[in-house]
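Asker: got a predicted model here, sequence first, then my questions.
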Amino acid sequence: MSPALDLSWQENALCAQAGPEFFFPAPGSSTREAKQLCGACEGRVACLEYALAADERFGVWGGLSEKERIRLKRLRG
């Protein structure tokens, strides 16, 4: 992870109030609730950009699951 990544979005992120199990569900579990919370979060875009830059491989970040982030990275080239 680059030390230049901006993490200021975390200060007001809604996920900080929910707990990690919400965003890192057991395999096969629904990510719907986590994605809904992300959709209401003002830091969603910054969170997603962080996850893509840091190559986060697990959990819901910026409203996208692992597979959705992989697809997005491929589309971006």
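Answerer: Right, received. Where do you want to start?

Asker: what sits against residue 76?
Answerer: Residue 76 is in contact with residue 52, counting by Cβ atoms under 8 Å, 6 or more residues apart in numbering. From N, CA and C alone the C-beta is placed, and that goes for glycine too.

Asker: show the model's pLDDT score for it.
Answerer: On pLDDT, residue 76 comes in at 89.

Asker: and for residue 16?
Answerer: For residue 16, pLDDT reads 88.

Asker: can you check residue 21 too?
Answerer: Reported pLDDT for residue 21: 87.

Asker: what's the burial count for it?
Answerer: Neighbourhood size, residue 21 [other Cβ atoms under 10 Å]: 11.

Asker: ok, now which ones touch the residue sitting nearest the centre point of the chain?
Answerer: By Cα atoms, centre = their mean, the chain has its centre lying nearest to residue 61, at 0.6 Å. By Cβ under 8 Å, 6+ apart, residue 61 lies in contact with 23, 47, 48, 50, 51, 69.

Asker: from the residues you listed, which is closest to residue 9?
Answerer: Closest approach to residue 9 among the contacts of residue 61 (Cβ to Cβ): residue 47, at 5.9 Å.

Asker: skip the chain neighbours and tell me the closest residue to the closest one.
Answerer: Among residues not flanking residue 47 along the chain, residue 62 sits closest, at 4.1 Å (Cβ to Cβ, 6 or more residues apart in numbering).

Asker: residue contacts, the one you found?
Answerer: Residue 62 sits in contact with 38, 44, 45, 46, 47, 48, 49, 50, 51, 69, where contact means Cβ under 8 Å, 6+ apart.

Asker: returning to that earlier point: buried subset of the contacts of residue 61 as a PyMOL selection?
Answerer: Buried members of those, defined by 16 or more other Cβ atoms under 10 Å, are picked up in PyMOL with:
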select buried, resi 23+47+48+50+51+69
